[in-house]
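any chance you can model this:
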Amino acid sequence: MALSKRLKKAQLKIQQMAFMLMALTIFFALVGMFIIAIKLSGLKESAAEVAEENALLLVTRIANSPEFSCGESFGTRKLNCIDTDKVMMLKKNIVKYNGFWKVSNIEIRKIFPVSSRDKLCTLGNYPDCNIIRLRPQNITSEYSNFVALCRKESFEGRVYDKCEIGKIMVAYSEK
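Residues are numbered from 1 along each chain as shown. Okay, here's the model as predicted:
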């Protein structure tokens with residue numbers, strides 16, 4: 001009789017130990033899942049920051065690309081300087097550049113001197129306009145950078161460089 005009592009007591013201790021081990025395993029699994037969830041939420045935020053940084057770098061890269069940049073046509077090489085004469089010719093031939101910059105639209109807006117109303121640029125009204133849109137649709141979510149908008153002007157038979165302040169905006173979506 002004493003042996004069966006001891007055996008039952010030993011079985012009870014084994015069951016208690018098994019339940020305790022299962023409880024500890026479940027506890028550490030929950031703690032691990034909680035830590036992973038916190039790390040993944042930070043990862044999503046940093047991925048969004050990296051995507052935004054890539055888009056802003058893309059805007060600067062586009063502004064300094066040979067198709068847009070002033071190059072050395074205005075004296076010395078300038079960064080973030082857009083030759084609006086080049087852009088107007090590019091606008092005429094934009095179909096050839098489909099998918100080249102991996103953006104859905106590029107818009108250049110003159111912000112100084114301030115214009116009383118927005119006027120979309122065409123070959124007929126250029127340079128008396130303030131928005132150059134390479135594709136006809138509006139830009140809804142944008143990444144932008146400030147740039148110098150330069151072009152050649154003539155006054156009383158003399159050619160001079162005219163530069164204004166503008167903003168290049170890019171509609172960008174990462175695939």
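
only C-alpha atoms for contact and neighbour calcs from this point on.
Will do.

could you report the neighbour count for residue 50?
By the criterion of other CA atoms under 10 Å, residue 50 has 12 neighbours.

so what's it scoring on pLDDT?
pLDDT recorded at residue 50 is 86.

distance of it relative to residue 57?
According to CA to CA, to the nearest Å, residue 50 stands 10 Å off from residue 57.

where exactly do the helices run in the chain?
For the chain, the helices defined by DSSP state H occupy 2-63, 84-92.

list the contacts of the shortest one.
It stands for helix 84-92. Residues outside helix 84-92 that contact it (CA atoms under 8 Å, 6 or more residues apart in numbering) are 67, 68, 122, 123, 132, 133, 134, 135, 149, 150, 151, 152.

low pLDDT regions in the protein?
1, 73-75, 140-141, 172-175 (pLDDT under 70).

quick check, central residue of it?
Nearest to the mean C-alpha position of the chain, by CA atoms, centre = their mean, lies residue 55 at 2.3 Å.

before we move on, back to that, now compare the contacts of helix 84-92 and name the two farthest from each other.
Based on CA to CA, the longest span within those runs between 135 and 152 and measures 24.2 Å.

circling back to that earlier point, go through the helices of the chain and name the closest to residue 101.
Closest to residue 101 of the helices of the chain is helix 2-63 (CA to CA; 7.5 Å).

elements contacting the closest one?
Other helices and strands packing on helix 2-63, by 3 or more CA pairs under 8 Å, 6 or more residues apart in numbering; DSSP states H and E, are strand 143-155, strand 158-171.

report the inter-axis angle for the longest one versus helix 84-92.
The reference is to strand 158-171. Angle of strand 158-171 versus helix 84-92, following axes from the mean of the first three to the mean of the last three CA atoms, to 10 degrees, is 50 degrees.

what strands flank strand 158-171, and is each parallel or antiparallel?
strand 105-112 (antiparallel), strand 143-155 (antiparallel) (DSSP bridges).

mean neighbour count and distance to residue 30 added to the helices and strands packed on helix 2-63, as CSV?
Shown next, in CSV, are those (neighbours: other CA atoms under 10 Å; distance: least, CA to CA, whole Å):
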stretch, mean neighbour count, distance to residue 30
strand 143-155, 18, 41
strand 158-171, 17, 42
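
let's have these in a markdown table, adding distance to residue 112.
Output for the helices and strands packed on helix 2-63, formatted as a markdown table (distance: least, CA to CA, whole Å):
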| stretch | distance to residue 112 |
| --- | --- |
| strand 143-155 | 10 |
| strand 158-171 | 5 |
